[in-house]
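*Asks:* with the input below, show me the fold.
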Amino acid sequence: MQILVIGATGYAGRRVSAALARAGHTVLGLARDTTTPAARDLAVNEVTAVKGDFSQPDTWRGHLDGTDAVVHLLMDMSDPVGADQRLFAELAAAQERDGRRRHLVFTTGISSYGRTGLPLMDENTPGNPGSPIGFRFSLEKELAASGLAHTVVRPGFMYGGPATTSMTGQWFAAAEAGTPVFYGDTTKRWSWIHVDDLADAYVRILDNPAAVDGETFVIADDQRLTALDMQYSAVRAAGYTGEITQDSAEAGGMMQMAADQDELVTSAKAHRLLGWHPHHPSFTDAPHRHYRAWKAAQPTH
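*Replies:* Have a look, this model is predicted:
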């Protein structure tokens, strides 16, 4: 298939794009600037970087021609609802133009659930509309009502590789600066996923997209440590031996507020329908290796 990846130069996008190319697909990676190191890295992985700004559909509309599937891995922070609604509209218009039914793999995340009070959540758990990013569940519902061919992916907290937008990458950087801070409830626990295990789920979905049309998959491993214990593991791997300062979730911004509760999920459905299982069982199995990977990805001056 020919697949357009939106967010291809981002953390998850680069690994997902490369995995899809290795699986034999023709992959186009949307990039605002096709000359950046991230865009050049796509070429190394046999992904074609194509120019376009997601916030401006007229710059990428043409890339839908000849495309069989679209993988959406980007949240436009300037207009997170409107931008995704425009994507749905563009796909519907393209289908109207040429009759081609493109399969959209739409990515949200487990923090969209918000505070549910449940010990374990799955694809059928209703989100709390009070979540700061609960609008992503509303977008999932709009997509389901649109008639577009689609699959929804809700990843856990990502780690591994360059960790550029991972919480673990933020922890490594803060440890090196000597200022690690933990935001919010110190007892909360999150489900995690190695970025390459996540990429494998997208490959499996697009191996036979018709079989999972309309489905939603939670993609996460089974580790159950508190987020604070995870952070201690990260900062120790980075060589920091002191204590971690604690502050309110509000002090950490919207994403910390959105994740200030237990967010434990099960991926039993993905195991059953996709045959997907994580190969990386836990961040804490090799925190020093993950730190070295993050460190190697830092720009040199």
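*Asks:* next, the residue lying closest to A251 once chain neighbours are set aside: phi, psi?
*Replies:* Nearest residue to A251, sequence neighbours excluded (CB to CB, 6 or more residues apart in numbering): Y183, at 6.2 Å. No exception for glycine: its C-beta is placed from N, CA and C like everyone else's. In terms of degrees, to the nearest 10, the main-chain angles of Y183 are phi -100, psi 130.
*Asks:* wait, isn't Y183 in contact with M254?
*Replies:* No. Y183 is beyond contact range of M254, at 11.4 Å (criterion: CB atoms under 8 Å).
*Asks:* mind checking which of the two has more residues around it?
*Replies:* Neighbours were tallied for Y183 and for M254 using other CB atoms under 10 Å; the higher tally belongs to Y183 (21 against 12).
*Asks:* now do the contacts for the more buried one.
*Replies:* Q246, D247, S248, A249, A251, G252, Q256, D260 (CB atoms under 8 Å, 6 or more residues apart in numbering).
*Asks:* and which of the residues you listed is nearest F217?
*Replies:* For those, the residue nearest F217 by CB to CB is D260; the value is 24.6 Å.
*Asks:* is the nearest residue to V235 once chain neighbours are set aside in a helix, a strand, or coil?
*Replies:* Closest residue in space to V235, ignoring its immediate chain neighbours: A175 at 3.9 Å, by CB to CB, 6+ apart. The three-state assignment at A175 reads helix, by DSSP: H, G, I helix; E, B strand; the rest coil.
*Asks:* thought A175 was touching G242?
*Replies:* No. Judged on CB under 8 Å, A175 makes no contact with G242 at a distance of 9.2 Å.
*Asks:* between those two, who's got more neighbours?
*Replies:* Using other CB under 10 Å as the criterion, A175 and G242 rank with A175 on top: 23 against 10.
*Asks:* now that one: how far from Y159?
*Replies:* Distance check for A175 against Y159: by CB to CB, to the nearest Å, it reads 15 Å.
*Asks:* check D58 too.
*Replies:* Taking CB to CB, one finds D58 at 36 Å from Y159.
*Asks:* skip the chain neighbours and tell me the closest residue to M121.
*Replies:* V265 (4.9 Å).
*Asks:* ugh, typo on my part, it should be R100
*Replies:* That would be A94: by CB to CB, 6+ apart, it lies 7.0 Å from R100.
*Asks:* check the secondary structure at that neighbour for me.
*Replies:* From three-state DSSP, the assignment for A94 is helix.
*Asks:* do the same with the one 10 residues further on
*Replies:* Secondary structure of L104, reduced to three states by three-state DSSP: strand.
*Asks:* break down the protein into its strands, ranges please.
*Replies:* For the chain, strands defined by DSSP state E occupy the ranges 2-6, 26-31, 48-51, 69-72, 103-107, 150-155, 157-159, 181-183, 192-194, 216-219, 245-247.
*Asks:* other SSEs contacting the second one?
*Replies:* For strand 26-31, the elements it packs on are strand 2-6, helix 11-22, helix 37-44, strand 48-51, judged by 3 or more CB pairs under 8 Å, 6 or more residues apart in numbering; DSSP states H and E.
*Asks:* for the third one, same thing?
*Replies:* For strand 48-51, the helices and strands in contact under the criterion 3+ CB pairs under 8 Å, 6+ apart are strand 26-31, helix 37-44.
*Asks:* low-scoring pLDDT stretches of the protein, where are they?
*Replies:* Scanning the chain for pLDDT under 70 picks out 301.
*Asks:* now the helices for it?
*Replies:* Taking DSSP state H as the criterion, the chain carries its helices at 11-22, 37-44, 80-98, 135-146, 167-177, 195-207, 227-237, 249-252, 254-258, 268-274, 287-296.
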